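>>> Fold the following and give me the result.
(one chain, ligands or ions: 2)
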Amino acid sequence: NVSFKYNIDDEYILENINLTIEKGSIIAITGESGSGKSTFVDLICGLIMPSEGSILLDKYKANLNNKFWKNKIGYVTQDYYISDGLLINNVAFGIDEIDINKKHAIKSLNDSKFPITSYQSIENFKLIEHGKNLSGGQRQRIAIARALYKNAEILIFDEATSALDTESERQVQLALDTMMKGKTSIVVAHRLSTIINADIIIVFKKGEIVEAGSH
Ligand code: ADP
Ligand code: MG
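Ligands and ions are numbered 1, 2, ... in the order given. Below is the predicted model of the structure:
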């Protein structure tokens, strides 16, 4: 019974949301722009807290705003920070340079289908001005490669492949399908091809769930 508003004087952005997510299942969320999809996944990630109601893990009231929970989540959004320096360090974001597993970072980039021209080496590829030397598709694949590198138990994709063209999206989707096997995944998406494998499809409209169905 979760409701949420950003500011006390505002209207509710989400109202009376009830949903059970089974471990290991794939949940697809769709609905028009502004319907509350990103707000909903931010609640699951513990980036914001419910204004009313609660989120339970099994039967226990969860404080999702802690490191233990955040370490379990690989969150791919369209809104992410790219730092300057080596591409592979960006993939292992938040990890001390000395602890970075370069091989694993390169594999994650390859699995994200990060495009690179033949004269560049992925190992020495440098990012400048917060990734200004990257295309939109390359930036998005860094976000995906980060989740692959982290190998998190819970995966959340918020329109993660929407900046890609149809063919790139298909390729990246194959990598994501492999990555999602046996994991709990929440996928906010519009394209039917992205949500077709979901166990449950949820439709948001103006902050409410108007449809939840399995297929
Ligand atoms: P969706 O992801 O479905 O497009 P959002 O969850 O991003 O929808 O937004 C839902 C509503 O919440 C929108 O009306 C949006 O303007 C509002 N909103 C989103 N983020 C904030 C914020 N940080 N502060 C105030 N309002 C916000
Ligand atoms: Mg959104």
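
>>> next SSE after the worst-scoring helix or strand of the chain on mean pLDDT?
When each helix and strand of the chain is scored by mean pLDDT, DSSP states H and E, helix 192-195 comes last, with a mean of 76. Next along the chain after helix 192-195, taking DSSP states H and E as the criterion, comes strand 200-205.

>>> Nearest residue to Tyr75 in space, please, no chain neighbours.
Using CB to CB, 6 or more residues apart in numbering and skipping the chain neighbours, the partner closest in space to Tyr75 is Ile156 (4.8 Å). Placement of C-beta: from N, CA and C, glycine included.

>>> is it true that that neighbour lies in a strand?
Yes: using DSSP: H, G, I helix; E, B strand; the rest coil, the secondary structure at Ile156 is a strand.

>>> how near is it to His104?
According to CB to CB, to the nearest Å, Ile156 and His104 sit 21 Å apart.

>>> Compare these two (neighbour count), which wins?
Ile156 (23 against 15; other CB atoms under 10 Å).

>>> In contact with the more buried one, which residues?
When contacts are counted by CB atoms under 8 Å, 6 or more residues apart in numbering, Ile156 touches 41, 44-45, 73-76, 185-187.

>>> One more: Ile26?
Ile26 neighbours (CB under 8 Å, 6+ apart): 180, 184-185, 187, 197-200.

>>> And it, its phi and psi?
phi -110, psi 120 (degrees, to the nearest 10).

>>> Dig out what the residue nearest to Tyr75 forms beta bridges with.
With DSSP bridges as the criterion, Ile156 is bridged to Tyr75, Ile186.

>>> State the number of residues packed around Ser193.
If we define neighbours as other CB under 10 Å, then Ser193 has 12 of them.

>>> any idea how far it lies from Lys183?
20 Å.

>>> same question, Lys5
31 Å.

>>> returning to what we had before: kindly state the pLDDT recorded for the residue nearest to Tyr75?
Note on Ile156: pLDDT of 93.

>>> In the protein, which residue sits closest to ligand 2?
Per CB to the ion, Ser38 is where the chain lies closest to ligand 2, at 3.2 Å.

>>> Is that residue in a helix, a strand, or coil?
Applying three-state DSSP: Ser38 is helix.

>>> ok, now Ser83?
coil.

>>> give me every residue that touches it.
Counting by CB under 8 Å, 6+ apart, Ser83 has contacts 89-90, 93, 127, 130.

>>> In those, which residue is surrounded by the most others?
Asn90 (26 neighbours).

>>> if I look at that one, how far off is His130?
For Asn90 relative to His130 (CB to CB), the value is 10 Å.

>>> can you list residues touching both of the two?
82-83.

>>> Would you agree Asp42 falls within a helix?
Yes: Asp42: assigned to a helix according to three-state DSSP.

>>> Can you read off the pLDDT for the closest residue to it other than its chain neighbours?
Of all residues not flanking Asp42 in the chain, Ile48 sits nearest, at 5.0 Å (CB to CB, 6+ apart). Note on Ile48: pLDDT of 94.

>>> Could you check how many residues crowd around Ile48?
Around Ile48 there are 16 residues (other CB under 10 Å).

>>> measure it to Lys113 for me?
Taken as CB to CB, the span from Ile48 to Lys113 is 32 Å.

>>> swap in Ile200?
Taking CB to CB, one finds Ile200 at 28 Å from Lys113.

>>> now the farthest one out in this structure, which residue is it?
The C-alpha centroid of the chain is most remote from Tyr119, which lies 31.1 Å away (CA atoms, centre = their mean).
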